[in-house]
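Enquirer: Quick one, fold the following:
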Amino acid sequence: MKDSATQSHVSIQNLRKTYSDRSVLQGIDLEISEGEFVAIVGKSGCGKSTLLRLVAGLEKTDDGTIRVSGNDLKGLNTQARIMFQDGRLLPWKRVLDNVGVGLTGEWKNRALEALKNVGLIDRVNDWPSKLSGGQKQRVALARALVHEPEILLLDEPLGALDALTRIEMQELIEKIWKQVRITSIFVTHDVEEAVALADRVILIEGGKIVLNKVINLPRPRQRTHHAFSTYVEEILRKIMDQNDLRLIVKNK
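Expert: Predicted coordinates:
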């Protein structure tokens, strides 16, 4: 295992990405330590999901570098697995077989253990159509973790869930993260969710990092605690400040 004190697990330097004539990321610099849980927030279109896809190797950078465990990322990030907003389950495969997609050899025990860890051991033979939205996301999480990746990428995985189910999934993700200490990058538009889960919250505005905030709160996070609210308010205020600044510039 590498020495995380001297080398970041994920190192992003001067990262830039443009689609047609629209610059989405404009020189992103970010260091993420091994086992760290980082949340990326920002308004729609700010570039947070683009950043995640670049770290996954699903898209190519226009400029800059991404290093994983000290090595330049070229092509797919084989150390990572990604979880999207929708479960993307295969409707013609049962739950167990969905978790086992991409596995070879004697994989069923691993898949069963993954389903046990997300609380769905009793649904192994169900079809995806029989599952609720939260259960589908639990299957998607099990499918990501069964590969034992070193990096877990979460692209607004809870955005389509109702409030209660969303909190239950947040608690599950935190529980699993605490067990395995996997390096996690979580994209969300929900600032409270980011503060509840992350060691650090990164705010992207206009394709740049405008806030890099360490969340120094004990776990599990108490949402009713004054310090929790203070963090949320600080990040929200920064988001509003950035929006106000753009309006002032636009109206000049």
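Enquirer: So for stretch 24-37, mean pLDDT?
Expert: Across stretch 24-37, the average pLDDT comes to 96.
Enquirer: Just the strands from the stretch 1-150 of the chain, written as ranges.
Expert: Using DSSP state E, counting those that start in this stretch, the strands of the stretch 1-150 of the chain run over 10-19, 22-32, 37-41, 63-68, 71-72, 80-83.
Enquirer: just so I know, which of these lies nearest residue 180?
Expert: Between residue 180 and those, the tightest spacing by CB to CB is seen for strand 37-41, at 11.4 Å. (Each C-beta comes from the backbone N, C-alpha and C, glycine too.)
Enquirer: So which of the strands of the stretch 1-150 of the chain is the most surrounded?
Expert: strand 37-41 (a mean of 25; mean count of other CB atoms under 10 Å).
Enquirer: what does that one contact?
Expert: Taking contacts as CB atoms under 8 Å, 6 or more residues apart in numbering, the residues outside strand 37-41 that touch it are 32, 48, 51-52, 177, 184-191, 193-195, 197-204, 235, 239.
Enquirer: let's see it at 7 Å
Expert: 32, 48, 51, 177, 184-189, 191, 194, 197-204, 235 (CB atoms under 7 Å, 6 or more residues apart in numbering).
Enquirer: Of those, just the buried ones, ChimeraX syntax please.
Expert: This is how ChimeraX selects the buried members of those, with burial counted by 16 or more other CB atoms under 10 Å:
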select :32,48,51,177,184,185,186,187,188,191,194,197,198,199,200,201,202,203,204,235
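Enquirer: So which of the contacts of strand 37-41 are in helices?
Expert: With DSSP state H as the criterion, helices contain 48, 51, 177, 191, 194, 197, 235 from among these.
Enquirer: Dump these into TSV; add distance to residue 152 and pLDDT as well.
Expert: Rendered in TSV, the data for those read as follows (distance: CB to CB, whole Å; pLDDT from 0 to 100):
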residue	distance to residue 152	pLDDT
48	16	93
51	15	96
177	8	96
191	21	96
194	15	97
197	12	97
235	22	96
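Enquirer: and those residues as JSON lines, adding distance to residue 159?
Expert: Written out in JSON lines, the entries for the ones in helices among the contacts of strand 37-41 read as follows (distance: CB to CB, whole Å):
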{"residue": "48", "distance to residue 159": "12"}
{"residue": "51", "distance to residue 159": "17"}
{"residue": "177", "distance to residue 159": "19"}
{"residue": "191", "distance to residue 159": "13"}
{"residue": "194", "distance to residue 159": "13"}
{"residue": "197", "distance to residue 159": "14"}
{"residue": "235", "distance to residue 159": "18"}
